[in-house]
Structure formats: structure tokens, C-alpha cells
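K.L.:
Prediction below, plus the sequence it came from.
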Amino acid sequence: MTLDWKVVIDSTDPHAQATFWGEALGYIVEDHSVLIERLLGFGAVPEDVTLVAHDRRAWRDLAGVRHPDDPYDKDSGAGLGWRLLFQRVPEARTVKNRLHLDVHAGPERREAEVERLAGLGATVLREVAEQGGTWTVLTDPEGNEFCVQ
């Protein structure tokens, strides 16, 4: 049996992170507006737990991205496959992250991909060349490290 999963990433601005990683990976930002509007209509959630992002109602403290071909729940907008979920936390990252993403562009596209990601707001930290391969270490707009191989 296999399991579906999501990686949950702490963030000070979940929507900015979702925008960055959606663009970086070619993923789409999840649309939770149908569920949110329904819950607001029932009075089940207060309006202050929402905001407008990507021209639609969104959760203030959560934003997700998913592969455009992955299944999703039409009632909630949440992806049912592999996804990234950004959750608001009050503090900024203060130490090296214990988990990071590797983005696989391939040797022929790595430099162009690094340049594209830097244009989206990533910062290049260093180039690594070891027996196991060559990659570039970057940080996303909130300082989380990731690698492009």
C-alpha cells in the first residue's frame, strides 16, 4: 500500500511562498474559495480567518500548491496527491532547515533553471560539485534552502 503525502512548510507569508513555489515547480495554487464561501455562509468560520489572494477568498494562514494533473477535492480545493502546504507561523526561520526540496532540472537545464528561480525571488548560495553530481544551493524568498540538480 502506498500513501499520499504533503510537505508542510512553516512560513511567515504562506501566500507569497505558494506563489513562488507554484511558479518554481509549474504547480497551481490551490483554490479553497468554494469551501471558504460555504463555511462563511453557514457562519462556521469568522471572516477574519480569510483574505483575498490570487483574486479569490483564501485561508489567511494556509496556502497550498499541487501538480496540475494531480487529483483534488472539488468541495475543498485541496490536492489529493503530492502537494506543498504553507502554514503561517509567527517566527522567521532562525536555523538551517532539516528538510529541503531538490528540484531536478537535469544538467542541460540546471543553469537556466537557477537563473529563472533567481528571477522569481530565490537567492543563489553556492555551487556544489562532488563525485555524486553537481547542483546549486539556493534559498526561497523566506530563506529555506533547496537544491537544483
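P.N.:
Now that the structure is in, tell me what you want to look at.
K.L.:
switch to C-alpha atoms for all contacts and neighbour counts from now on
P.N.:
OK.
K.L.:
before we move on, which element is the closest residue to residue 121 other than its chain neighbours in?
P.N.:
Leaving out its chain neighbours, the residue that sits closest to residue 121 by C-alpha to C-alpha, 6 or more residues apart in numbering is residue 141, at 5.6 Å. Under DSSP states H and E, no helix or strand contains residue 141.
K.L.:
I'd like to know how far residue 141 sits from residue 105.
P.N.:
From residue 141 across to residue 105, the span is 20 Å (C-alpha to C-alpha, to the nearest Å).
K.L.:
if I look at the residue nearest to residue 121, how far off is residue 24?
P.N.:
12 Å.
K.L.:
And for residue 32?
P.N.:
21 Å.
K.L.:
what residues are up against the residue nearest to residue 49 when sequence neighbours are not counted?
P.N.:
Spatial nearest neighbour of residue 49, excluding adjacent residues (C-alpha to C-alpha, 6+ apart): residue 60 at 5.3 Å. Residue 60 sits next to 48, 49, 50, 51 when contact means C-alpha atoms under 8 Å, 6 or more residues apart in numbering.
K.L.:
Inside strands: which ones of those residues?
P.N.:
The members of the contacts of residue 60 that map onto strands under DSSP state E are 50, 51.
K.L.:
Can you select the buried ones among the contacts of residue 60 for me in PyMOL?
P.N.:
In PyMOL, this line selects whichever of the contacts of residue 60 come out buried by 16 or more other C-alpha atoms under 10 Å:
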select buried, resi 50
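K.L.:
Among the contacts of residue 60, which one sits closest to residue 147?
P.N.:
residue 51 (31.6 Å; C-alpha to C-alpha).
K.L.:
contacting residues for the closest one?
P.N.:
Residue 51 touches 57, 58, 59, 60, counting by C-alpha under 8 Å, 6+ apart.
K.L.:
again, only this time at 6 Å
P.N.:
Counting by C-alpha atoms under 6 Å, 6 or more residues apart in numbering, residue 51 makes contact with 57, 58, 60.
K.L.:
Please, which helix or strand holds the first one?
P.N.:
The reference is to residue 57. Using DSSP H and E, the element containing residue 57 is strand 56-59.
K.L.:
residue boundaries of the helices in this protein?
P.N.:
Secondary structure of the chain (DSSP state H): helices at 14-25, 33-42, 110-120.
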